[in-house]
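Have a look; sequence and predicted model below, questions after that.
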Amino acid sequence: MAEKPAAEKTEQPTSRKLGKAREKGQVPQSQDMGAAVTLLALFLSLALLAPGLFQWFKGQVETSASGQIGPLANPQIFAAYMNANIIDALLVMLPVLAVISVAGIATSIVIGGLTFSPQAIQLKWDAINPATAIQRAANPRTLVRLLAEIAKLLIVGVIVWFYLRDKLEAMAALRWAWSSQLIGSIASMTFGLGIRVGIAVIILGLADTLYQKWQYIHELKMTRQEVKQERKDSDGSPEVKSRIRRIQIEMSMKRLIQEVPKASVILVNPTHVAVALRYEAATMDAPVLLAKGADHMAQKIIKIARSHGVPIVRRPEVARAIYAAVKPGQRIPESLYVAVAEVLAMVYRLRQGKKAAR
């Protein structure tokens, strides 16, 4: 199989690139899904609040048709009357507006996630540049979007036609209905039509959401070279990493030179692992690990210990257990007290024997 060129964007965007895109406010969004959820929320909220809204509208119509001239007595009374009615209307419509707002915000968060990006609200002159607008209009993507919108209108139109075609006889009979029956029948038909159109738009919105997410990832795809460069920027250049590693080794060596001579005993494995332990019965409750190392560092510990006369004891299992479970400066666990105590007792006897021999 032929290898794809490095300049071709075939790699999935990294988490770092996705994070930068979110910082700029670039997240997948679907206007169709937002409009569909908002439409359904509108119809459902109107259906639930219909009795109260009907009574309010009925009261307003009756008041307006009563012929009262009190509100028209003078401009001040009329202004107060209008302000009261406007505030009343806002309070009546507030639940519907709140449901629509919550539905729109929730849909946006579900699709694109919760994101706050100050960069997204900055003024962009390209957005209001006529030349840029003409280029966007001539873009093939714009044409595809236009055709998709036309297709959606056709689908919605077909749904509306089939629904109203079945209601023609009922609509013709409404001319004999009372006003309350007329309003109820129209509201019922409108609600039924809204639900059907809403479900259709939801399905179209789901398809558009999947497409928008695919397009979002597709546009953020990276070349292999970009992925390598980003990994290099994140991890640091090999030169910097090598220098950091060298500094860490130097610091470890200084710590070994300082701590190993203070040790009471060195436990080895015998060459792959070395741990330096210190124990003073008068001042310590338990032995403390001063230093540890593996392979090359283990050999350094053994070399320093020999040069300072620190006893070196071969205890592979104990050395491995301490190396894996204890950090420098920590006490050894209680499960190893007996094994370490045996070693320390042996070292103590050897030292006492040497002193007696002298």
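Done, it's in. Numbering: from 1, shown residues only.

Show residues contacting stretch 27-47.
21, 53, 95-96, 99-100, 102-104, 106-108, 111-113, 115, 152, 191, 194-195, 197-199, 201-202, 204-206, 208-209, 212-213, 215-216 (Cβ atoms under 8 Å, 6 or more residues apart in numbering). Where C-beta positions appear, they are placed from N, C-alpha and C, glycine not excepted.

again, only this time at 6 Å
With contacts defined as Cβ atoms under 6 Å, 6 or more residues apart in numbering, stretch 27-47 is touched by 96, 99-100, 103-104, 107, 111-112, 115, 191, 194, 198, 201-202, 204-205, 208-209, 212-213, 216.

Now restrict these to buried residues only.
96, 99-100, 103, 107, 111-112, 194, 198, 201-202, 204-205, 208-209, 212-213, 216 (16 or more other Cβ atoms under 10 Å).

Quick check: what element follows the longest helix along the chain along the chain?
For the chain, the helix with the greatest residue count under DSSP state H is helix 179-219. Next helix or strand after helix 179-219 toward the C-terminus (DSSP states H and E): helix 224-235.

Next, the angle helix 224-235 makes with the next helix or strand after that following helix.
Under the assignment DSSP H and E, the closest C-terminal helix or strand after helix 224-235 is helix 238-259. On the basis of axes from the mean of the first three to the mean of the last three Cα atoms, to 10 degrees, helix 238-259 is oriented at 30 degrees to helix 224-235.

So which elements touch helix 238-259?
strand 288-294, helix 296-307 (3 or more Cβ pairs under 6 Å, 6 or more residues apart in numbering; DSSP states H and E).

Please identify the buried residues of the longest one?
The reference is to helix 296-307. Applying 16+ other Cβ under 10 Å to helix 296-307 flags 297-298, 300-302, 304-305 as buried.

Could you export the residues you listed to TSV, including columns for pLDDT?
Below are those laid out as TSV (pLDDT from 0 to 100):
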residue	pLDDT
297	86
298	88
300	89
301	89
302	88
304	89
305	89
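
And whatever helix or strand residue 85 lives in, what's buried?
Per DSSP H and E, residue 85 falls inside helix 75-112. By 16+ other Cβ under 10 Å, the buried positions in helix 75-112 come out as 96, 99-100, 103, 107-108, 111-112.

pLDDT averaged over that helix, what's the number?
For helix 75-112, the mean pLDDT works out to 77.

just to revisit the earlier point, Throw the buried residues of helix 75-112 into JSON lines and include distance to residue 258, thanks.
Output for the buried residues of helix 75-112, formatted as JSON lines (distance: Cβ to Cβ, whole Å):
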{"residue": "96", "distance to residue 258": "75"}
{"residue": "99", "distance to residue 258": "70"}
{"residue": "100", "distance to residue 258": "70"}
{"residue": "103", "distance to residue 258": "66"}
{"residue": "107", "distance to residue 258": "62"}
{"residue": "108", "distance to residue 258": "59"}
{"residue": "111", "distance to residue 258": "58"}
{"residue": "112", "distance to residue 258": "55"}
